[in-house]
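Undergrad: need coordinates for the below:
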Amino acid sequence: MNLIKKSVALIATILVYFLPQANAQSISKGVKNIVLVHGAFADGSSWGKIISRLQAKGYNVIAVQNPLTSLANDVAATKRAIAQMDGPVLLVAHSYGGMVITEAGNDPKVAGLLYVAALVPEKGQNANAVNAMMPTTGIEKTFQISADGFVSLPAKTVDEFFAPDASRDERKLIHATQVPLAASAVEEKVQSPAWETKRSWYIVAAHDRVISPDLERYKSKLIKATTIELNSSHVPMISQPDKVTAFIVNAAQAL
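TA: Have a look, this model is predicted:
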């Protein structure tokens, strides 16, 4: 009898070890696929803290590597990422990436749009036109422009404008991994804004020194986005990743 009990206990132990475990944070509703789109002067690594947190909750995540050579090329790169997903997608963008998802979000697999301190174009607007709707922060005076027309940020600008609330090591990484933006990309217009037909969310960065916080507030109201405001610089996904992740999860669950 004792031998039988021991055998049953052993089998139970083996099953507990090898069978899939119930996950308290498993996805029970909403979309499970999230595509993250970086902005200018960045690459996919800018989403690093968000990626690990979303994956831990069971989400399928792709961070697009935008070439930043043109808006059309960035939209194409985002659509390739969307195509890799096996179902509906929540499309998330930071900064200039808002231009990208406003166009790429017309893809039928996209269920919703989430903007993080991002530009939101109306029909026929380019990035310059969006920024011109409010007084600028002055960051444009610090831009470095190469002979072939690509814009990048000096280290001092990253420290003072782009990510002042990130750690020193994080700011150094941002500067080192930035992808220069083709100046011509900000002249390309969005003709079919996806927010006109898709549900939207927005994170306003109250201390943003890249995009005017007032512009962010205005645009979030314009598109009737579910909105929160964080006391962060332009990069809340780096300085406040837990709050950004929670907001993304709430949006995904609502779709």
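Undergrad: residue boundaries of the helices in this structure?
TA: Per DSSP state H, the chain has helices spanning 2-18, 48-56, 71-84, 97-104, 127-131, 155-157, 168-177, 213-222, 236-239, 241-254. These are given in chain order.
Undergrad: and the angle from the second one to helix 168-177?
TA: Translated: helix 48-56. Here the directions of helix 48-56 and helix 168-177 differ by 100 degrees (axes from the mean of the first three to the mean of the last three CA atoms, to 10 degrees).
Undergrad: picking that back up, turn the helices of the chain into TSV, including mean pLDDT and distance to residue 40.
TA: Backbone N, C-alpha and C define where each C-beta goes, glycine included. Putting the helices of the chain into TSV (pLDDT from 0 to 100; distance: least, CB to CB, whole Å) gives the following:
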stretch	mean pLDDT	distance to residue 40
helix 2-18	40	47
helix 48-56	98	18
helix 71-84	98	10
helix 97-104	98	8
helix 127-131	98	9
helix 155-157	98	12
helix 168-177	97	12
helix 213-222	98	16
helix 236-239	98	15
helix 241-254	98	19
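Undergrad: straight-line length of stretch 143-160, end to end?
TA: Taking CA to CA, to the nearest Å, the span from the opening residue of stretch 143-160 to its closing residue is 13 Å.
Undergrad: now swap in stretch 123-140 and tell me
TA: According to CA to CA, stretch 123-140 extends 24 Å from its N-terminal end residue to its C-terminal end residue.
Undergrad: residues near residue 68, how many?
TA: Residue 68 sits with 26 neighbouring residues when counted by other CB atoms under 10 Å.
Undergrad: please disregard the earlier target; I meant residue 111.
TA: Number of residues near residue 111 (other CB under 10 Å) recorded here: 20.
Undergrad: same check, this time on residue 69
TA: Using other CB under 10 Å, the number of residues around residue 69 comes to 16.
Undergrad: give me the pLDDT value at it.
TA: If you check residue 69, the pLDDT there is 98.
Undergrad: which residue comes closest to it once chain neighbours are left out?
TA: Setting aside the residues directly before and after it, residue 69 is nearest to residue 182 in space (CB to CB, 6 or more residues apart in numbering), at 5.0 Å.
Undergrad: quick one: that neighbour and residue 216, what's the gap?
TA: 24 Å (CB to CB, to the nearest Å).
Undergrad: what about those two, which has more around it?
TA: Summary of the neighbour comparison: residue 182 and residue 216, criterion other CB under 10 Å, with residue 216 having more neighbours (26 against 21).
Undergrad: can you pull the contacts of the more buried one?
TA: The contact partners of residue 216, by CB atoms under 8 Å, 6 or more residues apart in numbering, come to 117, 118, 202, 204, 205, 208.
Undergrad: quick one: neighbours of residue 47, just the number.
TA: Other residues near residue 47 number 26, with proximity taken as other CB under 10 Å.
Undergrad: what about it, distance to residue 124?
TA: For residue 47, the distance to residue 124 under the criterion CB to CB works out to 29 Å.
Undergrad: go on, residue 106?
TA: Counting by CB to CB, the gap from residue 106 to residue 124 is 15 Å.
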